[in-house]
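Visitor: Sequence plus the predicted model coming up.
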Amino acid sequence: MYVKNCWYVAAWDHELMGESLMPRKLLNQAIVFYRKSDGTVAALEDRCCHRSAPLSMGKREGDCLRCGYHGLKYDSAGNCIEIPGQTVIPGGAQVRSYPAIVKHSWIWVWMGDTAKADIALIPPAVGFDDPNYILRGGQMDYDANYQLVNDNLCDFSHVSFVHESSFRVMEYSESLPQITRLPRGIRVQRWLHDPPDRPDFVPAGDTWQVYDYLAPGVLLMHSALYATGTAANFTGAPAGIEPLHANFSSQAITPMTDTTSRYFYSMGPRSFEKGAAELADLIGVSINKAFAEDKRMIEAQQRTINEQGFKSTPIRHDSGPAQMRRVMARLAEEESSAAA
Amino acid sequence: MYVKNCWYVAAWDHELMGESLMPRKLLNQAIVFYRKSDGTVAALEDRCCHRSAPLSMGKREGDCLRCGYHGLKYDSAGNCIEIPGQTVIPGGAQVRSYPAIVKHSWIWVWMGDTAKADIALIPPAVGFDDPNYILRGGQMDYDANYQLVNDNLCDFSHVSFVHESSFRVMEYSESLPQITRLPRGIRVQRWLHDPPDRPDFVPAGDTWQVYDYLAPGVLLMHSALYATGTAANFTGAPAGIEPLHANFSSQAITPMTDTTSRYFYSMGPRSFEKGAAELADLIGVSINKAFAEDKRMIEAQQRTINEQGFKSTPIRHDSGPAQMRRVMARLAEEESSAAA
Amino acid sequence: MYVKNCWYVAAWDHELMGESLMPRKLLNQAIVFYRKSDGTVAALEDRCCHRSAPLSMGKREGDCLRCGYHGLKYDSAGNCIEIPGQTVIPGGAQVRSYPAIVKHSWIWVWMGDTAKADIALIPPAVGFDDPNYILRGGQMDYDANYQLVNDNLCDFSHVSFVHESSFRVMEYSESLPQITRLPRGIRVQRWLHDPPDRPDFVPAGDTWQVYDYLAPGVLLMHSALYATGTAANFTGAPAGIEPLHANFSSQAITPMTDTTSRYFYSMGPRSFEKGAAELADLIGVSINKAFAEDKRMIEAQQRTINEQGFKSTPIRHDSGPAQMRRVMARLAEEESSAAA
């Protein structure tokens, strides 16, 4: 079960170059992406309507795509417009096309009803082209259902344990963040006090952190560091003071199949900060290390669930994941109601 | 569903040497092949009747086979004739035996009713021992059902696209061949005119090509090159003139399992042609390259079908594959009618 | 179907060192083993009750175990005693614990009803710490159901064929051993006469061999070599004479899953024999080679059964395996009757 009427991150913008045909799998569906001559992206079902060969093994001809097996040619809307050896194109000779948009350095694809594709629903991620930030990015493939990654990203209490060796902060697990419901997700915010046993690699100060987690799996996070003691002056978000340092992170988890997912992420400081490029590099190394720790744990969790069955006892820190799962269930329910 | 009352190519004759026991899988059935002292081939079910160990892990004793686990001994008809530790052989102590024949450099095995095994049904392939031709051969394993390979070999319109870089001929897809039905297959024939944009590696001239495609998956093809313009003088086969060059190709696709197949092939010029051996070498290199292109496409097609389901829109070039599938269906139907 | 109320060998004692958490799978169940501070072994279900992460990716804290995902802490009885972010432990927050005992160099685990775990049921294997023997050991993983290994070890007629190149003795298959039923297994005993065609690597003499095969899959074997001709003086076990040489072997096969098994074994001479250490080394090399021959055959048998189905014709040498299977079926039946 997937929420389909939303934008999924299919790839980084820079992955789709020149004449190349880029096959990707999203929500179990094989899709071939290519650039049209105006630079916009076409996304077609990656299965020829003739004998089911993958169109991604064919080639671009202008804004069209020709199958590499028996030569059927499709326009970017998925209509077959040429069949070698005959002049008549039979009805039904077409493949599905998907709305696709390049924004914030990502290629987004709409997996549901085309008529409802709304560009305003693309989450306000920050791309590499944003002059306000210097970002470093990466990606990882998960042998796990994407919901387990959603769970992970909606509950940072795991940071105390999974990331003990990279950026351990015990406060994440010792107390609960403030969580509010959004129309298509949740907002998670909290103060993290300068810890008495702070590791050397963690800068001194109190941190204000707020992130939105949006359907189907997009995390947009702002973190800001203030002088130690600042947290005591605010019950919620700080106001009227400038942070010592601030950064932004955009992350997206996309289901490839029911058992595999692709995780895209970037993070970095504001561009005008002193030593911003060096700091961005440090952050890049740090998140690659930390996110590998998540992957190791979540894939092990998935294997255990597969082999031993799923066992669950609710705890208080489940609030974020539980609320997010309810948002997703509601959106899916709205879709099936609208379809009925 | 397989046609069983026919000869399948199990291996090249030269694969079965000396004392060796050769395990092969055909139509999901495990069979062990070995040579008897007179050089003929025995083919037994590769599963001991005692505890299901593979007999191919045992050893030959004269014309018999002894299981390598607990020592049961079988004659070449599959009857157990010795059990260590006892003198009585219980009824039912036997394994299935299959009729097997060496002909045209291939080992053929009859997978159906032994009483109906008819040597006259072995297709007239050309083997390495034929003095009229100099052949080069090869083989490939497919991760695909053999019917997809049958489809490919019954419709050469794919040559224009799949083999664009090896021996592209656009005429294959631009016009249709003549197809006639045979008792156990189809005959495909056509002229190919000297193309205006002929690549350097294709010799000049008009080509007459005729091949029979016979159940369960044997292609026997004759190609002959004539002076440019010859095609204009004939509506069908050329008569009364000698070709500049001619070659013959024997090909067979055998289902190993429902999802894997083995492809055997040879091709080469008439032995008396000038530079025949060098030409045979060139042809050998060429078909290995081209058939790897087919394999890449067909395996991708199979993966797409497995993952995305089969989608099909009929086109005119499907005539060959469609007729061949009807032949196979009719033969299977005749078998089940005869069995009932 | 497994007999559960018995002790299974989970590992060698020496495999579980220091602070390490040792994940193992037995009878399809994931279990994590660790040492408590007193050196005894704790065995817990390897699946956190919170969100099914494997506890083996956490860490030891004293005699307790903390999950590495969200930090739930368990005592060695499997009770959750700490949940970060809350003070109340909900009912049902626990994982299963298994009785585990170190004995005879092996870690044994009781897979059934904890109330029935009886240390007296641990078979009298010989461990490395026994001063009477000098042993060499090894282990192998099987891609096969453990019952096929049980069958193999309850019928040594296979030695004549499977081990033809390592320690071929034709008498194993030519005549039948004496087999008697035990409460939880079978006893197999026989004389092996000095063979006329004895290979050089087999010492001269008559051998008396007796082994018990005990549920669920433990072989305990005593072999003794006497002067050639001794066998003629006894109908059963020799009495009143000292052997020229004697050795002991302990072996255990444990189901990891329905399709995989782990085989543990040791063998060696009495410690006071001349050149005992060198002899132990020779024996160690010999059994590693021989048991690899069993593995090759049994895994092939399993593959054939998986792909071709199981076919069986009973022979006289099946008596041992058949009786052992009946013992196992009876024990399983007693368990389900007691449970009902």
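Guide: Ah, there it is.

Visitor: check contacts around A:Asp141.
Guide: A:Met256, A:Thr260, A:Ser261, A:Arg262, A:Tyr263 (Cβ atoms under 8 Å, 6 or more residues apart in numbering or on different chains). Just so you know, the C-beta spots here come from the backbone N, C-alpha and C atoms, and that holds for glycine as well.

Visitor: what are the bridge partners for it, then?
Guide: Here A:Asp141 sits in beta bridges with A:Arg262, going by DSSP bridges.

Visitor: measure it to chain B for me?
Guide: 17 Å (Cβ to the nearest Cβ, to the nearest Å).

Visitor: Next: A:Met328.
Guide: From A:Met328 to chain B the distance is 24 Å (Cβ to the nearest Cβ).

Visitor: I'd like the distance from stretch A:169-177 to the chain centre, please.
Guide: With Cα atoms, centre = their mean, to the nearest Å as the basis, stretch A:169-177 stands 25 Å off its chain's centre.

Visitor: Briefly note if that stretch comes near chain C.
Guide: Yes. For stretch A:169-177, a contact with chain C is found by Cβ under 8 Å from any Cβ of the partner chain, at A:Ser173, A:Glu174, A:Ser175, A:Leu176.

Visitor: Which single strand of chain A contains the most residues?
Guide: In chain A, assigned by DSSP state E, the strand with the most residues is strand A:245-255.

Visitor: what's the distance between that strand and the middle of its chain?
Guide: Here strand A:245-255 shows a centroid-to-chain-centroid distance of 8 Å under the convention Cα atoms, centre = their mean.

Visitor: cool, and stretch A:259-273?
Guide: With Cα atoms, centre = their mean, you get 9 Å for stretch A:259-273.

Visitor: isn't A:Leu55 right up against A:Ala42?
Guide: No. A:Leu55 lies out of contact with A:Ala42 (Cβ atoms under 8 Å); the separation is 10.8 Å.

Visitor: more neighbours, the two?
Guide: Comparing A:Leu55 with A:Ala42 by other Cβ atoms under 10 Å in any protein chain shown, the one with more neighbours is A:Leu55, at 28 against 21.

Visitor: Not counting its neighbours along the chain, what's nearest the more buried one?
Guide: Leaving aside its sequence neighbours, A:Leu55 sits nearest to A:Val32 (Cβ to Cβ, 6 or more residues apart in numbering or on different chains; 5.0 Å).

Visitor: who are the neighbours in contact with that neighbour?
Guide: Applying Cβ under 8 Å, 6+ apart, the residues contacting A:Val32 are A:Leu21, A:Met22, A:Pro23, A:Arg24, A:Ala43, A:Leu44, A:Glu45, A:Asp46, A:Pro54, A:Leu55, A:Ser56, A:Leu65.

Visitor: So what does it have for phi and psi?
Guide: Backbone geometry at A:Val32, expressed as degrees, to the nearest 10, gives phi -110, psi 130.

Visitor: Looking at strand pairing, list the partners for it.
Guide: Beta-bridge pairing for A:Val32 (DSSP bridges): A:Pro23, A:Leu44.

Visitor: Which of the residues in stretch A:186-203 are classified as buried?
Guide: A:Ile186, A:Arg187, A:Val188, A:Gln189, A:Arg190, A:Trp191, A:Leu192, A:His193, A:Asp194 (16 or more other Cβ atoms under 10 Å in any protein chain shown).

Visitor: what sits against A:Gly112?
Guide: A:Val3, A:Lys4, A:Asn5, A:Cys6, A:Glu335.

Visitor: my read is it is in a strand, agree?
Guide: No. Assigned with DSSP: H, G, I helix; E, B strand; the rest coil, A:Gly112 falls outside any strand and is coil.

Visitor: Got the confidence number for it?
Guide: pLDDT for A:Gly112: 97.

Visitor: Please name the nearest non-neighbouring residue to the closest residue to chain C within the stretch 1-150 of chain A.
Guide: Nearest to chain C, among the residues of the stretch 1-150 of chain A, is A:Leu148, at 8.4 Å (Cβ to the nearest Cβ). Nearest residue to A:Leu148, sequence neighbours excluded (Cβ to Cβ, 6+ apart): A:Ile298, at 5.1 Å.
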